[in-house]
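*Asks:* Sharing a model prediction with you, sequence too.
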Amino acid sequence: MGPVFQLVYLSQAAEDISYSDIQDILEVSRNNNKMDEVTGVLIFRDGHFLQLLEGREQDVKKVLSKILMDDRNHSIRVLIETTTEARLFSNWTMAFYDGDISSNETEDLIELFDTCLKGNRRTMIIPMLKKFQASAPAPQ
């Protein structure tokens with residue numbers, strides 16, 4: 001396939017977001033991403049979305065443009081744009097990790113969000129996201 005473009009962003013969820021909204025986001029994302037050959041992971045925690053998108057650069061940026069228009073989140077900050085040889089979440093059109101479930105609140109999750117929110121050690125974000133591959137639910 002060639003080089004893979006990866007983009008990681010952090011956003012604030014709308015104040016009135018519901019789990020029904022999140023399920024809708026996932027369903028639509030999975031359908032669209034399958035057509036566009038985009039993969040990744042969405043993590044929700046404490047009113048924030050953290051997402052890794054990967055695929056061809058133009059396809060990933062097309063997805064980001066839709067996200068920027070979605071009023072279910074705001075204050076979107078792109079943290080990373082990079083190219084790599086392999087996808088991290090190649091089996092998932094959009095894996096989901098619910099960081100608000102107490103059993104999912106691990107030190108890795110806390111460290112990842114702390115790093116993203118503070119904007120320090122950005123080079124560590126992708127290696128930190130890789131830790132969530134094993135705990136991502138089976139691809140849908």
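*Replies:* Sure thing, it's come through. Numbering: from 1, shown residues only.
*Asks:* contacts, neighbours, all on C-alpha from now
*Replies:* Fine.
*Asks:* all helices for the protein, in order.
*Replies:* Using DSSP state H, the helices of the chain run over 19-36, 57-69, 107-118, 125-130.
*Asks:* Indicate which one of those helices is closest to residue 79.
*Replies:* helix 107-118 (7.6 Å; Cα to Cα).
*Asks:* helices or strands up against the closest one?
*Replies:* helix 125-130 (3 or more Cα pairs under 8 Å, 6 or more residues apart in numbering; DSSP states H and E).
*Asks:* could I get the helices of the chain as CSV with distance to residue 51 and mean neighbour count?
*Replies:* Formatted as CSV, the helices of the chain follow (distance: least, Cα to Cα, whole Å; neighbours: other Cα atoms under 10 Å):
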stretch, distance to residue 51, mean neighbour count
helix 19-36, 12, 14
helix 57-69, 10, 15
helix 107-118, 11, 15
helix 125-130, 9, 16
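*Asks:* Now do the contacts for the residue sitting nearest the centre point of the chain.
*Replies:* Nearest to the mean C-alpha position of the chain, counting by Cα atoms, centre = their mean, stands residue 51 at 1.6 Å. Counting by Cα atoms under 8 Å, 6 or more residues apart in numbering, residue 51 touches 8, 9, 10, 40, 41, 42, 43.
*Asks:* Show me what the closest residue to the first one other than its chain neighbours is bridged to.
*Replies:* On the basis of Cα to Cα, 6 or more residues apart in numbering, the spatially nearest residue to residue 8 that is not a chain neighbour turns out to be residue 52, at 4.4 Å. According to DSSP bridges, the partner residues bridging residue 52 are residue 8, residue 41.
*Asks:* Can you report how many residues neighbour residue 52?
*Replies:* 25 (other Cα atoms under 10 Å).
*Asks:* Name the nearest residue to the residue nearest to the centre of the chain, ignoring sequence neighbours.
*Replies:* Once flanking residues are discounted, residue 51 sits nearest to residue 42: 4.5 Å by Cα to Cα, 6+ apart.
*Asks:* okay but the one you found is in contact with residue 95, surely?
*Replies:* Yes: assessed by Cα atoms under 8 Å, residue 42 is found in contact with residue 95 at 6.1 Å.
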